[in-house]
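In: predicted model follows, preceded by the sequence.
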Amino acid sequence: MSPRGELLESCGSTNDLAKQKGALGPDAAPHGTWISARMQTAGRGRMGRTWQSEAGNLFLSIILRPRETTHWTWIPLLGAVGVVELLSSGRFGSMDSSRFSIKWPNDLWLDGRKFGGILCESVSSAGGKSFIVLGLGLNGALAPEGLDQPTASLSDPHLADQIREPLVEWIAEAVLKLDTEGPAFLREAYDRWAAFPRGTEISWKSHSESFRARVHGLGLAGELQVFMQDGRIQSLYAEEVSRVRDLRPGGDESPA
């Protein structure tokens with residue numbers, strides 16, 4: 001596979017450009033077409049957060065055209081799995097795989113600190129040719145500062161150029177595998193890399209109310225299933241979850 005790609009020096013958002021290009025149709029932008037930039041001026045993350053774009057990091061958006069819509073909700077996790085699988089493969093230098101983890105639903109962690117994230121956007125275009133843009137930001141060289149969570153980087157100014165095309169190829173091929181084989185291989189891979197494995201006590205908020213439960217695993221759509229205190233299994237789809245640690249003085253949780 002030789003995905004078509006375009007590397008820009010700077011742009012507002014690679015996701016926005018990929019959506020525009022993907023709307024031209026599969027002939028102009030087939031499955032696996034990508035757009036990347038060395039700098040972004042209007043990068044964004046999940047829930048409308050700003051994504052700080054430090055020079056030397058990876059900013060990449062891939063146009064994906066699954067044959068079926070059945071497993072689209074697994075694609076953010078597929079992107080995260082692709083990153084940690086490649087980084088731990090030894091192809092880009094010796095890296096301790098135990099340092100990597102995936103925080104559901106779309107964060108990449110290095111030593112418990114965020115070093116990357118995934119933003120997927122589905123697009124409906126003329127003629128029913130719907131597609132997905134998978135946007136990925138990876139702190140290869142520098143960790144942004146002043147964010148609402150601890151960050152990390154791989155401290156490698158060459159990583160973005162080295163991993164870009166192998167990552168596009170891995171993700172594009174894995175999407176086709178998802179089409180034909182279903183998500184079992186992704187569920188298995190996620191379990192290996194989960195920052196909050198089965199049994200972990202986590203917390204989240206919904207409508208200003210706080211909840212606690214223990215992780216059960218991934219559901220049929222890639223949602224996070226948890227055991228509630230009353231014994232029910234509940235599904236979480238986009239909640240911001242944190243690990244419950246020992247209580248600080250005053251009763252506040254210390255999340256990770």
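Out: On my side now, so go ahead.

In: ok, now how distant is the residue nearest to residue 170 when sequence neighbours are not counted from residue 108?
Out: Of all residues not flanking residue 170 in the chain, residue 82 sits nearest, at 4.6 Å (CB to CB, 6 or more residues apart in numbering). All C-beta spots, glycine's among them, are computed from the backbone N, C-alpha and C. Counting by CB to CB, to the nearest Å, the separation of residue 82 from residue 108 is 10 Å.

In: please apply the same query to residue 218.
Out: Distance from residue 218 to residue 108, by CB to CB: 17 Å.

In: again with residue 164
Out: 16 Å.

In: the more surrounded of the two?
Out: Ranked by neighbour count (other CB atoms under 10 Å), residue 164 and residue 108 place residue 108 first, with 27 against 20.

In: quick one: residues in contact with the strand or helix carrying that one.
Out: Per DSSP states H and E: residue 108 is located in strand 107-110. Residues outside strand 107-110 that contact it (CB atoms under 8 Å, 6 or more residues apart in numbering): 80, 83-84, 99-103, 114-118, 138, 152-154, 195.

In: what packs against the helix or strand following it?
Out: Downstream of strand 107-110, the first helix or strand assigned by DSSP H and E is strand 113-123. Contacts defined by 3 or more CB pairs under 8 Å, 6 or more residues apart in numbering; DSSP states H and E place strand 113-123 against helix 14-22, helix 75-87, strand 107-110, strand 131-138.

In: run the angle between strand 113-123 and helix 75-87 for me.
Out: 140 degrees (axes from the mean of the first three to the mean of the last three CA atoms, to 10 degrees).

In: list the buried residues of strand 113-123.
Out: Judged by neighbour count (16 or more other CB atoms under 10 Å), strand 113-123 contains these buried residues: 113-120.
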